[in-house]
Structure formats: structure tokens, C-alpha cells
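Q: No letters, just coordinates:
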């Protein structure tokens with residue numbers, strides 16, 4: 001399902017039936033385990049929603065949170081009386097940071113994480129461009145370490161306000 005109503009960017013849109021809308025509503029309440037300010041829909045992990053199945057793609061093939069995300073989805077679906085809905089994981093095409101919704105990018109920024117700019121995945125896998133500081137808005141920033149608090153983030157520092165922050169890696 002193309003997430004037009006929910007700002008999704010991935011997937012193919014089946015009919016927006018009441019069943020699909022209810023499943024999407026339930027999934028919009030499932031937080032990402034590493035960034036709880038975002039739902040799995042905000043992050044673009046949910047690729048497609050059908051009346052009988054949900055297709056997800058982890059942010060990268062080795063994501064240690066994938067099993068937990070699947071368990072969280074299963075729990076939320078079961079709690080909503082949707083135990084019949086299957087969960088499928090696909091790695092192709094691979095997830096891209098371009099699938100993060102606009103609302104998700106704002107939630108990242110508010111949470112203190114610099115979101116990747118749209119289209120950055122196509123231009124660079126290395127985060128070559130300066131990140132905007134999520135605290136003061138300065139572009140005078142520098143990467144401190146390719147490795148941040150989770151595998152999908154890098155550690156950056158703002159030279160204007162001197163605050164460290166995570167930047168979501170582009171890919």
C-alpha cells in the first residue's frame with residue numbers, strides 16, 4: 001500500500017478497505033524499539049498492508065531489532081483482534097531512508113536525532129553532507145564517529161552549540 005494517507009513512500013497500494021485501514025491504524029501505534037518516538041510506519045518499515053498480511057522491510061538486513069519488531073507487530077495485531085493477519089519480511093528492494101515519512105523526519109528532529117535529507121540515499125551512503133543540528137538548527141556540524149548509539153545512527157557534533165547528536169544514516 002502506498003502510504004499516501006499516512007505519508008508512506010514504499011509499497012504498492014491495495015484497496016483501502018476498512019480492514020486495511022484498521023490494520024494500518026494498529027501499526028501506526030507500534031513504536032520502533034530503538035527510536036520510540038517513531039512508529040514503524042513513520043520509519044517506513046511497513047511496506048504493504050493487505051487485509052490478510054503485512055509486509056515489512058527492516059532498515060538493514062542485519063538489524064538486531066527485526067525479531068522484536070515482528071513480535072511487537074504480532075502483539076499489537078493480536079490485541080486488536082487481528083490474529084489472522086500474517087507478517088512477512090522482505091529484503092528486496094532494500095529499505096531506504098527515503099521511506100521515512102515527513103512526519104517521521106520531524107519526530108526524529110524533535111527527539112534530538114538529525115534525520116537524513118530526502119534523496120540522500122541516492123547521493124551518498126557516507127553522510128558526506130553536513131547534518132543540521134536538531135537542537136539549534138546550525139549546519140556547522142561534523143561527524144565524530146560513524147558509529148552512534150545504534151547501528152543505524154552516526155555520532156555528530158554541532159560546532160555552533162557544541163552539543164553532540166545522533167544522525168540517522170542515509171541508505
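A: Sure, I can see it. These figures come from a predicted structure and were not determined experimentally. Numbering: from 1, shown residues only.
Q: buried stuff in the lengthiest helix in the chain?
A: Once the chain is assigned using DSSP state H, the helix that runs over the most residues is helix 66-79. Residues 66, 69-70, 72-74, 76-77 are the ones in helix 66-79 that count as buried (16 or more other Cβ atoms under 10 Å). Just so you know, the C-beta spots here come from the backbone N, C-alpha and C atoms, and that holds for glycine as well.
Q: Name the residues that touch it?
A: Helix 66-79 has contacts (Cβ atoms under 8 Å, 6 or more residues apart in numbering) with 23, 26-27, 29-33, 40, 45, 54, 56, 58, 83, 85, 87, 89.
Q: Phi and psi next, for residue 131.
A: The phi/psi pair for residue 131 (degrees, to the nearest 10) reads phi -90, psi 150.
Q: Which residues are in contact with the spatially most central residue of the chain?
A: Centroid-nearest residue in the chain: residue 43, 1.7 Å away (criterion: Cα atoms, centre = their mean). Applying Cβ under 8 Å, 6+ apart, we find residue 43 in contact with 32, 35, 59, 99-100, 104.
Q: Between which two of those residues is the distance greatest?
A: Using Cβ to Cβ, the pair of the contacts of residue 43 lying farthest apart is 35 and 99, separated by 14.3 Å.
Q: got the residue ranges for the helices in this structure?
A: Listed from the start of the chain, the chain has helices (DSSP H) covering 18-27, 66-79, 102-111, 120-123.
Q: Kindly reformat those helices as JSON lines and extend each row with mean pLDDT.
A: Output for the helices of the chain, formatted as JSON lines (pLDDT from 0 to 100):
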{"stretch": "helix 18-27", "mean pLDDT": "94"}
{"stretch": "helix 66-79", "mean pLDDT": "97"}
{"stretch": "helix 102-111", "mean pLDDT": "94"}
{"stretch": "helix 120-123", "mean pLDDT": "55"}
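Q: Nearest to residue 135, out of those?
A: Comparing the helices of the chain by Cβ to Cβ, helix 102-111 comes nearest, at 9.3 Å.
Q: Least confident of the contacts of residue 43?
A: pLDDT across the contacts of residue 43 is lowest for residue 59, at 88.
Q: can I assume that one is in contact with residue 152?
A: Yes. The criterion here is Cβ atoms under 8 Å, and residue 59 meets it with residue 152 at 5.3 Å.
Q: Give the residue from these two that has the larger number of neighbours.
A: Taking other Cβ atoms under 10 Å, residue 59 and residue 152 do not tie; residue 59 has more neighbours (26 against 22).
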